[in-house]
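In: Quick one: sequence and predicted model below, then my questions.
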Amino acid sequence: MLEAARCIVYRELLLALRRRSDVATALLFFVIVASLFPLGIGAEPNLLRSIAPGVIWVAALLSSMLSLGRLFAADHADGTLEQMLLGATPLGVVALAKTFAHWLVAGLPLVAIAPLIALQYDLPAALYGVLALSLALGTPVLSMIGAIGAALTLGLRGGGVLLALLVLPLYVPVLIVGAGAVEMAAAGLGAGAQLLLLGAALVLACAFAPWAIAAALRISME
Amino acid sequence: MTASSIRWFWYASPQTFFPLAGTIARWCGLAAALLAAAGLYVGLFIAPTDAQQGEAYRIIFIHVPAAWMSMFLYVVMACWAALGLAFNTRLSGMMASAIAPTGALFTFIALWTGSLWGKPTWGTWWVWDARLTSELILLFLYFGFMALQAAIDDPRRADRAGAVLAIVGVVNVPIIYYSVKWWNTLHQGASVSLTRAPSMAATMLTGMLLMALAFWLYSIAVTMVRVRCIIKEREA
Amino acid sequence: MLEAAGLECVRQQRVLFAGLGFALRNGESLRVAGPNGSGKTSLLRILCGLLLPSAGEVRWKGAPIRSLREDYSRQIVYLGHAPAVKDELTAGENLEIACRLAGLPFTGDSIAEALARFQVPQFSFIKKLSQGQRRRAALARLCLSESAPLWLLDEPFTALDAAGIELLKGLIAGHLGRGAMVVYSTHQDPGLAATQVLELA
């Protein structure tokens, strides 16, 4: 079972390596969206500092959602998803492995590049750690919730917009707690509680999301 | 025990449920109209004017029951959806999709009346109050459910996919509510809140309960009418 | 033994077939025939468990496949309409990953040999191959699936040239000779003797 999960992660990473531009596009999207806000709002440093956590989190959320469309759609089109459903491994494990790989490709780079955006917003250097940690805990949850939506909208017309409609409301708690962690740290109150909440959400998502993704995949593949 | 469970599954068949749904719809609709009239009379004419808010407070006779129904109907919808997934009964999925528009309607009414109340009370149409915000997200959840079902042509897939979404949503509703509440306390400077209810006169409570009951019966009646349409559409 | 009883399939509110049943014993083959849109693919998808029939059930050695799930999946090889190979991977990588996920035993040599039998270049990317070669790359999996007691092949002969068809017929005959079962669908007779023929209207 672990062997199969490792094989799927390896496969996804290999595919991502061969389609490097897709990964770069999502990352660029994140940077561009985050850079647009000062242009729209004005470059008043205090204002930027106060909106930075929210802006970075919203941009990360949109960027991670943007890449969800590819999570199952390509495998669905060429028939490999069918083979995964019929594999020797329980579908929940397959779903978890695929989602983990999606996070490695679409979530982890955001965590790495977020401090750079924070620099643009003149966030104090002491907050970089909390920002990166909150994203590192939160983006896997986003990937898992998003994977449920991606599995449900598989092969539907207007799938991309529909996916956003389904998934964005469910992202709200992660956004609130994630951005809240940085704001609490900025206010000098300590972000421990928020980070623990994000961790709890991650555990909860790991426990339930694979089941929901697997059920959704079976329904969509009929 | 076995006899009653057979009876339940007997009504789980759309064909046998169809005439029953018609009867329920008629009686519940009638009762809803009477109760709503009584509730509105109590609310608009008998209940005393509020000392602080004047006449504007009377909107709670619509607002509060609508907010109750909006949340309650989402849970009911998710329950039907779960039943459909577990027992593979066709009627459950139909019930879930019949409830969704009514739930969305009540959510919208709760938002609309909340906003109408906000203008004279707080001087603004919209405040990011915890309850209003979570109602707004609940509305998005309803829209997502309906949009997903509308995008799927095959009714069986539509039912089952909607069911998974409804279950995921119902797990999330309390999480969303508490996170929004926490977010609200973090951000709200001057505290305006719907939670601080004025001490309520007995007539106010009566009016509110009458309206709540009327909304319940209305929901049942409308759901039954809609489920009859769905049965006709699919089984024709 | 593979049994189907009272299968009914409804797609887009249209009944494709109803009351369909058969029993397939070791060493037997079943050919599913019928015109386009008659439900051949749906039947094969029901048999492998991807599609739930609206009535009836499929049993494997007496147990319904719904309750067996992965235990049943391990016993079967299903090749669907789409060749199930990734464009960005080489034929060899595709085969290796497919075997790993299906739990089929393989070695580097056996993969090279399987691809060589189907004359597919092991190290070229799938996106550079023709339609027929893609099909061959997918079918090469059958060479490594000798241990699976049931093959379910959906239109395996399409897009193949004469030599490819002969090769596949040989593989199917060899598998039946080992006492395994093969179910395949075709819209034209490939000239392969089948124990049973199921004609869908």
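Out: Ah, there it is. Bear in mind that the values here come from a model prediction, so they are computed numbers and not experimental data.

In: Next, name the residue at the spatial heart of chain C.
Out: Geometric centre of chain C, nearest residue: residue C:153, 2.3 Å, by C-alpha atoms, centre = their mean.

In: for that one, what are its contacts?
Out: Counting by C-beta atoms under 8 Å, 6 or more residues apart in numbering or on different chains, residue C:153 touches C:44, C:78-79, C:172, C:182-185. C-betas here are computed from N, CA, C, even on glycine.

In: Could you list which of those residues also contact chain A?
Out: residue C:78 (C-beta under 8 Å from any C-beta of the partner chain).

In: Now intersect the contacts of residue C:153 with the helices, please.
Out: C:44, C:172 (DSSP state H).

In: can you pull the buried residues of the host helix or strand of the residue nearest to the centre of chain C?
Out: For residue C:153, the host element (DSSP states H and E) is strand C:150-154. Buried positions in strand C:150-154, judged by neighbour count with 16 or more other C-beta atoms under 10 Å in any protein chain shown: C:150-154.

In: and what of stretch A:44-56?
Out: Quick answer for stretch A:44-56 (16+ other C-beta under 10 Å): A:48-49, A:51-56.

In: picking that back up, and the gap between the residue nearest to the centre of chain C and chain A?
Out: 13 Å (C-beta to the nearest C-beta, to the nearest Å).

In: Can you tell me the strand partners of the strand holding residue C:153 and which way each runs?
Out: Sheet pairing of strand C:150-154 (DSSP bridges) gives strand C:76-79 (parallel), strand C:181-185 (parallel).

In: Reformat the ones you listed as CSV; add distance to residue A:144 and mean neighbour count.
Out: Formatted as CSV, the strands paired with strand C:150-154 follow (distance: least, C-beta to C-beta, whole Å; neighbours: other C-beta atoms under 10 Å in any protein chain shown):
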stretch, distance to residue A:144, mean neighbour count
strand C:76-79, 28, 24
strand C:181-185, 37, 25
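
In: Between the buried residues of stretch A:44-56, which sits nearest chain C?
Out: Chain C has its nearest neighbour among the buried residues of stretch A:44-56 in residue A:56, at 31.8 Å by C-beta to the nearest C-beta.

In: Please name every helix or strand in contact with the helix or strand hosting that closest one.
Out: Element membership for residue A:56 (DSSP H and E) is helix A:45-66. Here helix A:45-66 touches helix A:20-41, helix A:108-120, helix A:128-152, helix A:159-186, going by 3 or more C-beta pairs under 8 Å, 6 or more residues apart in numbering or on different chains; DSSP states H and E.

In: before we move on, the earlier item: pipe the buried residues of stretch A:44-56 into a markdown table and attach pLDDT per row.
Out: Putting these into a markdown table (pLDDT from 0 to 100) gives the following:
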| residue | pLDDT |
| --- | --- |
| A:48 | 91 |
| A:49 | 90 |
| A:51 | 91 |
| A:52 | 92 |
| A:53 | 92 |
| A:54 | 93 |
| A:55 | 93 |
| A:56 | 94 |
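
In: Dump those residues to TSV, plus distance to residue A:13.
Out: Listed next are the buried residues of stretch A:44-56 as TSV, based on distance: C-beta to C-beta, whole Å:
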residue	distance to residue A:13
A:48	36
A:49	37
A:51	35
A:52	31
A:53	30
A:54	31
A:55	30
A:56	26
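
In: could the contacts of residue C:153 be laid out in CSV, adding pLDDT and distance to residue A:72?
Out: Shown next, in CSV, are these (pLDDT from 0 to 100; distance: C-beta to C-beta, whole Å):
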residue, pLDDT, distance to residue A:72
C:44, 94, 22
C:78, 93, 19
C:79, 92, 20
C:172, 92, 32
C:182, 93, 30
C:183, 94, 27
C:184, 93, 28
C:185, 92, 26
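
In: what does stretch A:199-206 contact?
Out: With C-beta under 8 Å, 6+ apart, stretch A:199-206 has contacts from A:96, A:137-138, A:140-141, A:144-145, A:173-174, A:177.

In: Return the closest of those residues with respect to residue B:11.
Out: Checking the contacts of stretch A:199-206 against residue B:11 with C-beta to C-beta, the nearest one is residue A:145 at 35.8 Å.
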